[in-house]
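Peer 1: What would the 3D arrangement of this be:
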Amino acid sequence: MDVTPPKGVVIVFSDIWCSFAHITIHRLHEARKRLGLEDEIRFDHRAFPLELLNNAPSPRTGTDSEVGRMASVEPGAGWQLWQDKDWLYPSSTLPALEAVQAAKEQGLDASEKLDLGLRKAFWAQSRCITNQRVILDVAAEVGIDAGHIEASLNDGRARTALSEQAAVSATDVVNCSPHLFLPDGTDHANPGIEVGWQGDYGVGWPVIGGDDPSVVDELLKRSL
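Peer 2: The predicted model follows:
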C-alpha cells in the first residue's frame, strides 16, 4: 500500500479511540481553514485499529484517564467524560472506521466529515459509535449520504480496505495513532506533541513534555 500521497493530500493513520489523534485531526481541520486551504488540501483517513493491534478493545479506563489532560491541551476539539450508560460505551471502533472508508466513494471530503463527526460523537457527545444507527445518524448530521453508508456497511465493500490498512499499521511503516504522511515523502508521528505516560495505561495518565500546535500549519503548507 502506497503511503506517499499526491500533492494536496495528507494521509492520516489513526484510530477514533485515540485522544492524540482527536487533537491532531481537530488541528488539521482548524489550520486548513485558517490558512484558506479548504479547497486545496484533503485528508485521506486510514485506519490504525488499536483493538486489532493490541488484540483487545481499548479499555474505558484508558480513555477516561486521558480526557482531562488532553482536553487542557486542545479544549476546542470537544471532550467530556463518558456520560451515557456504562453498557453503551463502545466495544469496538471497527464499524466506524469501516464507515469512514466507505464514505470515500462519496469523495475524500465526505470521509473527512464523517471521520470528524464520529470523533466528536465519541469524545464530546458520549455516543456509542459501535452502533450502526449512531454511525448513520452522524453521517446524516454531517451532510453526507447516510443511505450509501448503510448499504456499504451491509455489504462490507470497505472491509477489505480496512483490513489492508490494519496490515500496514502492524508494520514498522506506521508508528502510532496519529501518523501523517506527506506528498514530499516525509512522515510525522503525533506531530507537535511530546508525550509520556505516568504509570500503566488505564491506571496512570498521559504526561505532555511539549506541545507546538504550529507544527500542523507547517505540515499543511508543505503538502501543496
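Peer 1: And the pLDDT at residue 183?
Peer 2: Note for residue 183: predicted pLDDT of 98.
Peer 1: go on, residue 5?
Peer 2: pLDDT for residue 5: 98.
Peer 1: quick one: it from residue 217, how far?
Peer 2: As judged by C-beta to C-beta, to the nearest Å, residue 5 and residue 217 stand 18 Å apart. C-beta coordinates here come from the backbone N, C-alpha and C atoms, glycine included.
Peer 1: quick one: the helices in this structure?
Peer 2: Ranges of helices in the chain, per DSSP state H, are 19-34, 50-53, 60-73, 94-102, 108-123, 132-141, 146-155, 159-169, 214-221.
Peer 1: Ok, which of the ones you listed comes nearest residue 208?
Peer 2: Nearest to residue 208 among these is helix 60-73 (6.1 Å), distances taken as C-beta to C-beta.
Peer 1: residues making contact with that closest one?
Peer 2: With contact meaning C-beta atoms under 8 Å, 6 or more residues apart in numbering, helix 60-73 is reached by 17, 19-20, 22-23, 77, 79-82, 89, 123, 193, 201-208, 211.
Peer 1: can we see that at 10 Å?
Peer 2: For helix 60-73, contacts defined as C-beta atoms under 10 Å, 6 or more residues apart in numbering pick out 17-20, 22-23, 50, 59, 77-82, 86, 89-91, 122-124, 193, 195, 197-208, 211, 213.
Peer 1: now the end-to-end length of stretch 135-153.
Peer 2: Length of stretch 135-153, first residue to last, C-alpha to C-alpha, to the nearest Å: 10 Å.
Peer 1: For it, buried residues please.
Peer 2: Residues of stretch 135-153 classed as buried: 135-136, 138-139, 142, 144, 146, 149-150, 152-153 (neighbour count, 16 or more other C-beta atoms under 10 Å).
Peer 1: will you turn those into a markdown table that also has distance to residue 10 and pLDDT?
Peer 2: Formatted as a markdown table, these follow (distance: C-beta to C-beta, whole Å; pLDDT from 0 to 100):
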| residue | distance to residue 10 | pLDDT |
| --- | --- | --- |
| 135 | 24 | 98 |
| 136 | 27 | 98 |
| 138 | 22 | 98 |
| 139 | 22 | 98 |
| 142 | 19 | 98 |
| 144 | 20 | 98 |
| 146 | 26 | 98 |
| 149 | 23 | 98 |
| 150 | 28 | 98 |
| 152 | 23 | 97 |
| 153 | 26 | 97 |
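Peer 1: Using CSV, please lay out these together with distance to residue 65.
Peer 2: Output for the buried residues of stretch 135-153, formatted as CSV (distance: C-beta to C-beta, whole Å):
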residue, distance to residue 65
135, 26
136, 30
138, 25
139, 30
142, 29
144, 33
146, 33
149, 32
150, 34
152, 34
153, 31
